[in-house]
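In: no sequence on this one, just coordinates:
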């Protein structure tokens, strides 16, 4: 009898373990114009329900362990996230100089940036055959450089519900592209971000010239990089209060976009 109880307890503990979160990290690779890209699909497979799919473009360091960890925290049981490689697998910056060189290529050729981020969206869609992605609920989020990239995805006229930019660059090579935006656009920048805020007025004029449903949120006392937990430099520093507030606004914005509510 005692053995039976022990076996039963072990069996139940096994079920409990199986029900716990298990974050999947699935490599997703593709080639475009001779460049091979290596991205990572992140989701919790402890639940089988289909959920929205997000293209996530990290900061200028690209796909690394910190970016994947951030994707885990955002994904939870709510989203399937493609942590997107915008540089190609041979480019993995490890310092600011290397990161600057990597983003310079794409900032200097915004058409290429739009082409690459649109292909990432296509790759996310193809993952729905194996991952629990609801193809009727697609969006994109980006951080710093990644914010610029997802705004360019919106400007390209991508058929997605929403884009959310955190402390992202606001400039564009062609303000007229905003007329193509179909997604709801949420942009959140720190009030004291010396790198992006000088472009705020031009960005808002750009959005006013579009038919987009957009919000530009300025987070008081925050500088650049406010969601980046590893950054603690003057002008580029993690701010827990701003990060948590911005994540909550992201959740509300995505929920509204996916459900068609205000």
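Out: All right, it came through fine. Worth saying up front: this structure is predicted, and the values here are computed from it rather than measured. Numbers count the residues shown, from 1 in each chain.
In: What segments of the stretch 1-150 of the chain are strands?
Out: Residue ranges of the strands in the stretch 1-150 of the chain, as given by DSSP state E, counting those that start in this stretch, are 23-32, 35-44, 51-57, 80-83, 133-143.
In: quick check: angle from the third one to strand 133-143?
Out: Here strand 51-57 runs at an angle of 30 degrees relative to strand 133-143 (axes from the mean of the first three to the mean of the last three CA atoms, to 10 degrees).
In: tilt between strand 51-57 and strand 35-44?
Out: Going by the same axes, to 10 degrees, strand 51-57 makes 140 degrees with strand 35-44.
In: for strand 51-57, packing partners?
Out: Contact here means 3 or more CB pairs under 8 Å, 6 or more residues apart in numbering; DSSP states H and E; on that basis strand 51-57 packs against helix 65-75, strand 80-83, helix 110-126, strand 133-143, helix 145-155. Quick note: C-beta positions are derived from backbone N, CA and C, even for glycine.
In: out of the strands of the stretch 1-150 of the chain, nearest to residue 183?
Out: Relative to residue 183, the nearest member of the strands of the stretch 1-150 of the chain by CB to CB is strand 133-143, separated by 7.2 Å.
In: for that closest one, which positions count as buried?
Out: Of the residues in strand 133-143, those scored as buried under the neighbour-count criterion (16 or more other CB atoms under 10 Å) are 133, 137-143.
In: any chance of those residues in TSV, plus distance to residue 106?
Out: TSV is the format used below for those (distance: CB to CB, whole Å):
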residue	distance to residue 106
133	26
137	27
138	22
139	21
140	15
141	17
142	12
143	15
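In: Looking at the residues you listed, which is nearest residue 192?
Out: Of all the buried residues of strand 133-143, residue 143 has the smallest distance to residue 192: 17.4 Å, by CB to CB.
In: mind listing what the residue nearest the centre of the chain touches?
Out: The chain has residue 56 as the residue nearest its centroid, 2.5 Å off, counting by CA atoms, centre = their mean. When contacts are counted by CB atoms under 8 Å, 6 or more residues apart in numbering, residue 56 touches 67, 70-71, 74, 81-84, 140-142, 146.
In: where are the low-confidence patches of the stretch 1-150 of the chain?
Out: In the prediction, the stretch 1-150 of the chain carries residues with pLDDT under 70 at positions 1-21.
In: Could you rerun that using 90?
Out: 1-22, 47 (pLDDT under 90).
In: Mean confidence (pLDDT) on the longest helix anywhere in the chain, please.
Out: Across the chain, the helix with the greatest residue count (assigned by DSSP state H) is helix 240-259. Averaged over helix 240-259, pLDDT sits at 98.
In: Could you give the separation of that helix from the chain centroid?
Out: Computed by CA atoms, centre = their mean, to the nearest Å, the chain-centroid distance of helix 240-259 equals 12 Å.
In: now that helix and helix 65-75, what's the angle there?
Out: Angle of helix 240-259 versus helix 65-75, following the same axes, to 10 degrees, is 60 degrees.
In: If you count neighbours, what's buried in helix 240-259?
Out: Taking 16+ other CB under 10 Å as the neighbour-count basis, helix 240-259 is seen to contain the buried residues 242-243, 245-247, 249-250, 253-254, 256-258.
In: try stretch 147-158
Out: 147-156, 158.
In: Residue 23: which of these is nearest?
Out: For residue 23, the closest of the buried residues of stretch 147-158 turns out to be residue 150, at 22.4 Å, with distances computed as CB to CB.
In: just checking, that closest one touches residue 117?
Out: Yes - Residue 150 sits in contact with residue 117 when judged by CB atoms under 8 Å, with a separation of 6.9 Å.
In: Could you pull out the residues contacting both of those two?
Out: Between them, residue 150 and residue 117 have 55, 57, 140 as joint contacts when contacts are counted by CB under 8 Å, 6+ apart.
In: Pull the contacting residues for residue 27.
Out: Residue 27 sits next to 38-41 when contact means CB under 8 Å, 6+ apart.
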